[in-house]
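1. Give the three-dimensional model of this entry:
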Amino acid sequence: MLSKIRLRDVADRAGVSVTTVSNVVRGWPYISDETRLRVEQAIHDLGYVPHPMAQGLRTGRTQVIGFVVPNLANPHFAAMVSAVEDVAWEHGYSVLVFNTHEDETRETDCVRRMINGWGDGLLIAQTAQFLETSQLLRDYPLPVVAIDRVPATYDGAYCRVDNIAIARMAMMHLYELGHRRIAHLSGAQNALTAMTRLEGYRRCVEELKLDYEYTSFSASLWTPDEGYRAMKELLESEPHPTAVFASNDSLAIGAAHAIREVGLRIPEDMSLIGVDDLDVSRYLYPPLTSVQQPVAEMAQVGIDLLLRLIIGETPEQIHISLSPTLVVRRTTGPCAAG
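-> Have a look, this model is predicted:
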């Protein structure tokens with residue numbers, strides 16, 4: 001049987017308001033440690049057990065947030081979902097994950113379901129610069145934070161990594177090693193991050209006055225198979241690049257296989273750099289140089305923004321760009337070619 005102890009009983013015992021007790025029970029982060037400890041001690045002493053259905057009816061909240069992601073098969077988004085779930089759980093929230101499989105129609109349907117009351121707020125990493133999804137997010141008063149992939153048409157709260165900075169970091173690392181023929185293996189042409197990293201690559205080609213520019217697009221997925229196919233295509237061109245900037249680690253893993261398959265050595269004959277710093281990348285042979293994205297920090301900042309919006313606050317800063325980090329391993333080295 002559920003406890004008959006009421007919130008009012010806990011509030012009286014702790015010497016705080018009923019609202020404060022309710023906020024502690026729901027896991028709101030914006031309560032002093034001293035107050036939280038008093039309430040938790042009162043809950044323990046009285047044996048109070050909150051009734052989840054009653055909580056929902058009283059507050060009008062579900063304690064659920066939605067998270068729309070483009071592709072859970074992509075290790076980057078799998079890691080992001082895990083990080084978001086951990087942070088949300090600490091604040092008393094469950095996460096309802098929608099996997100759109102990079103399908104724009106499916107993405108719109110997922111957003112409509114959240115708008116229709118499936119949760120208290122929404123995190124979304126959009127598939128592409130898709131106007132219908134952005135319009136839905138503007139037209140309905142659901143608290144929303146865009147995370148990782150942020151369309152130019154979206155003007156709400158967001159937390160992302162600076163993808164131009166990612167491309168510049170990768171390109172400058174290769175340039176400083178003496179490389180001048182640097183190719184780019186891009187992600188899917190409709191993906192926001194792929195388009196922005198491609199823009200960053202092209203800016204660097206222009207700014208560094210490189211007379212070599214080669215880009216190969218993946219068909220629709222950011223997978224080792226696509227990296228292998230794109231690299232095979234690239235190796236048919238002349239002259240060969242001396243270095244390759246792949247738009248993510250999965251593409252780089254496939255590219256590495258294609259490079260070795262034709263008898264070239266990494267990094268002696270061709271340097272290779274990826275993005276994401278996946279766990280598996282450090283165990284490749286040779287271990288992959290990569291630009292690391294702060295996935296855990298992005299999850300923390302994104303959830304914090306969303307919780308503030310859910311409770312009606314207006315955060316001082318709603319547009320947040322995080323910085324990437326270069327992780328140098330053994331797939332990049334000095335250019336030996338003329």
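
2. Low-confidence stretches in the protein?
-> Within the chain, the ranges that satisfy pLDDT under 70 run 1-4, 26-29, 49-61, 129-131, 218-220, 338.

3. Leaving out the residues flanking it, which one is nearest to the residue nearest the centre of it?
-> The chain has Asp148 as the residue nearest its centroid, 4.1 Å off, counting by CA atoms, centre = their mean. In space, and not counting its chain neighbours, Asp148 is closest to Ala125: 4.4 Å by CB to CB, 6 or more residues apart in numbering. For glycine as for every other residue, the C-beta is placed from the backbone atoms N, C-alpha and C.

4. The one you found: how many residues sit nearby?
-> By other CB atoms under 10 Å, the residues close to Ala125 number 25.

5. With Tyr30 instead?
-> By other CB under 10 Å, the residues close to Tyr30 number 10.

6. Then Tyr212?
-> Here the number of neighbours of Tyr212 (other CB under 10 Å) works out to 13.

7. Tell me which residues touch the residue nearest to it when sequence neighbours are not counted, please.
-> Excluding its sequence neighbours, the residue lying closest to Tyr212 (CB to CB, 6+ apart) is Arg181, at 4.2 Å. Neighbour list for Arg181: 210, 212, 239-243, 337 [criterion: CB atoms under 8 Å, 6 or more residues apart in numbering].

8. wait, isn't the residue nearest to Asp148 in contact with Pro151?
-> No. Ala125 is not in contact with Pro151 according to CB atoms under 8 Å; the separation is 10.6 Å.

9. And the helices in this protein, which stretches?
-> Ranges of helices in the chain, per DSSP state H, are 7-14, 18-26, 33-46, 52-59, 75-90, 104-113, 131-139, 163-176, 192-207, 224-234, 249-261, 295-310.

10. List buried residues within the contacts of Arg181.
-> Neighbour counting with 16 or more other CB atoms under 10 Å marks 240-243 as buried within these.

11. which pair in the residues you listed spans the largest distance?
-> Greatest spatial distance in these: His240 and Ala243, 10.1 Å, computed using CB to CB.

12. who touches Leu221 in this structure?
-> Neighbouring residues of Leu221 by CB under 8 Å, 6+ apart: 71, 73, 102, 188.

13. ok so, going back, overlap in contacts, His240 and Ala243.
-> Shared contacts of His240 and Ala243 (CB under 8 Å, 6+ apart): 181, 270.

14. Is it correct that Val16 is in contact with Val39?
-> Yes. Counting by CB under 8 Å, Val16 does reach Val39; the two are 6.3 Å apart.
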